[in-house]
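Novice: I would like to see how this sequence folds:
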Amino acid sequence: MHIVVSLLPTMSVSKALHLLKGASNRELFKHKPNFRKRYWGGHF
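Specialist: This next block holds a predicted model:
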């Protein structure tokens, strides 16, 4: 999977990736609640 992202000039790439990772994790755990038990720290 590939995505194209546009950033504001004031946003760092690392900050954008941090936000993207957080949003994708929230969606994953929302749709697959059993992952919370397997990945109890909430991260991979």
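Novice: the helices in this structure, which residues?
Specialist: 13-31, 34-38 (DSSP state H).
Novice: weakest of those helices by average pLDDT?
Specialist: Comparing mean pLDDT across the helices of the chain, the weakest is helix 34-38, with a mean of 77.
Novice: Dump that one to PDB, restricted to CA.
Specialist: Taking C-alpha atoms only, helix 34-38 is exported to PDB below (Å, rounded to 0.1, in the frame of the first residue of the first chain):
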ATOM      1  CA  ASN A  34      -8.600  -8.600  20.000                       C
ATOM      2  CA  PHE A  35      -5.300  -7.000  19.000                       C
ATOM      3  CA  ARG A  36      -5.300  -5.100  22.200                       C
ATOM      4  CA  LYS A  37      -4.900  -8.300  24.200                       C
ATOM      5  CA  ARG A  38      -2.000  -9.500  21.900                       C
END
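Novice: Quick check: buried residues in it?
Specialist: Judged by neighbour count using 16 or more other Cβ atoms under 10 Å, helix 34-38 contains no buried positions. Quick note: C-beta positions are derived from backbone N, CA and C, even for glycine.
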